[in-house]
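S.K.: need a 3D model of the following:
(2 chains)
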2 protein chains.
Amino acid sequence: MPNYNGTQKYTSSLPPAPSSAFDPGLFDSDNQACPFCHISSTYSPYDPSCPPPSSSPLLNPSLTSPQPATFMVLSTPCLVAFLDIMPLSAGHVLLCPRRHRAKLTDATPDEATELGRYLRILSAAVVEATGVGDWNVVQNNGAAAAQVVPHMHFHIIPRPELRDKRSERFTATMFGRGQRDDLDEEEGAALAERIREKMAEVLRREGCGEGGAKL
Amino acid sequence: MPNYNGTQKYTSSLPPAPSSAFDPGLFDSDNQACPFCHISSTYSPYDPSCPPPSSSPLLNPSLTSPQPATFMVLSTPCLVAFLDIMPLSAGHVLLCPRRHRAKLTDATPDEATELGRYLRILSAAVVEATGVGDWNVVQNNGAAAAQVVPHMHFHIIPRPELRDKRSERFTATMFGRGQRDDLDEEEGAALAERIREKMAEVLRREGCGEGGAKL
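M.R.: Below you'll find the predicted structure:
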């Protein structure tokens, strides 16, 4: 299991090929102190082309209590995605491997390809759910690169049109400086549902529906 | 062909499934005005687990003249990667689909998975080639998100340790403000060669060598 600390040296040995996607240990919390492992171990996978309704116990945001409520937008055997609890804009989501991987290079080859696949699909869903057509994808590796949670994750951050100084502040805040507000829980529930629905539409349009497709 | 302009509205129809990776039109310049299409149409694919030597005509940086010299680090039927001509740090590379795709959502599903696969492999190669173990991955979609070249691309940006103000300036410059220096061509040639070699080592370690593996 890779361990993270801000000054760790990179080791050149990439991890071995992944075991089965249904590794029996998959839903254990890999790392007790990691908030993203806590989320991964709490939420079971569902078919993203046919997500459960918001009322389903599978999506109960308070399951991660006493840690902040979690608004899931994707939960597969390999990946999870959820709303950032301190969003830079409405629709700011995080996408990460279910298992604990400190940096992108700690992900397995299969996790890396799945991340690539869902970065595109989740981007499309966020654009459709928010109506904001411009966005940044950001992934930080290590303390010098502003990584805060030591479980690798991609940010998808909608960028509504802002002028000059506000846009500069937005950029600075993406990398850890400046004020960020907590997610409003009512808005979060509605937005997460919209993103799940839009993602299901994208997947069904592309023929990745139930039965045929890999999750 | 998706067209880009700063104010384009997102359309919900993602592109159809890709045609064969060896589409006969693949190496045509999709978009005459696009500098990344110019690079794609100039450099043919090679096996990244066994790259040609720097002296090979396949890697001649001046082929893109009168546009700036190009230091290739990856060239497959699906993707290309090369040194940024105005690097934020040594080892700053860009990874993009060979074909013209304006935003991440314009990429095909296969391109998206290949991008994910090579983001991890190229990150490992850049870390090993530069000795800098922290880095950012950034991908900007649309003018409001600071996209400049309208052919989607991931930045891989090594982050050497910098203190306070220098680090803040670095972040601002990642999104288009502040001074960036031109790539030194001698350093570029040596660095690109080192990255190609490290990537070949990573691929061979993972069993993606000649013959067996997809490019």
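
S.K.: tell me the contacts of the residue nearest to A:F36 when sequence neighbours are not counted?
M.R.: What sits nearest to A:F36 in space, not counting adjacent residues and going by CB to CB, 6 or more residues apart in numbering or on different chains, is A:H151, at 3.9 Å. (C-beta placed from N, C-alpha, C; glycine too.) Taking CB atoms under 8 Å, 6 or more residues apart in numbering or on different chains, we find A:H151 in contact with A:N31, A:C34, A:P35, A:F36, A:C37, A:C96, A:P97, A:H100, A:R101, A:A102.

S.K.: looking at those residues, which one is closest to A:E111?
M.R.: For those, the minimum distance to A:E111 (CB to CB) is 4.5 Å, reached by A:P97.

S.K.: show me what that closest one bridges to in the sheet.
M.R.: Note on A:P97: beta-bridge partners A:L79, judged by DSSP bridges.

S.K.: possible to save the contacts of A:H151 as CSV with neighbour count and secondary structure?
M.R.: Listed next are these as CSV, based on neighbours: other CB atoms under 10 Å in any protein chain shown; DSSP: H, G, I helix; E, B strand; the rest coil:
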residue, neighbour count, secondary structure
A:N31, 21, coil
A:C34, 18, coil
A:P35, 16, helix
A:F36, 25, helix
A:C37, 21, helix
A:C96, 24, strand
A:P97, 25, strand
A:H100, 21, coil
A:R101, 26, coil
A:A102, 21, coil
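
S.K.: just put these in CSV and tack on pLDDT.
M.R.: Listed next are these as CSV, based on pLDDT from 0 to 100:
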residue, pLDDT
A:N31, 74
A:C34, 94
A:P35, 94
A:F36, 96
A:C37, 95
A:C96, 98
A:P97, 98
A:H100, 97
A:R101, 97
A:A102, 97
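
S.K.: quick check: mean pLDDT across the host helix or strand of A:G116?
M.R.: Assigned by DSSP states H and E, A:G116 belongs to helix A:109-130. For helix A:109-130, the mean per-residue pLDDT is 98.

S.K.: which element follows it toward the C-terminus?
M.R.: Remark: after helix A:109-130, the chain's next helix or strand is strand A:135-141, criterion DSSP H and E.

S.K.: got the angle for the next helix or strand after that next one vs strand B:135-141?
M.R.: Scanning forward in sequence from strand A:135-141 by DSSP H and E, the next helix or strand is strand A:154-158. If you take axes from the mean of the first three to the mean of the last three CA atoms, to 10 degrees, strand A:154-158 sits at 30 degrees to strand B:135-141.

S.K.: what's the spacing between A:C208 and A:T76?
M.R.: 11 Å (CB to CB, to the nearest Å).

S.K.: quickly list what's touching both of these two.
M.R.: In contact with both A:C208 and A:T76: no residue, using CB under 8 Å, 6+ apart.

S.K.: is any residue of stretch A:130-140 near chain B?
M.R.: Yes: contact of stretch A:130-140 with chain B (CB under 8 Å from any CB of the partner chain) involves A:G133, A:D134, A:W135, A:N136, A:V137, A:V138, A:Q139, A:N140.

S.K.: give me the below-cutoff pLDDT ranges for chain A.
M.R.: Along chain A, the model assigns pLDDT under 70 to residues A:1-30, A:163-164, A:176-179, A:209-215.
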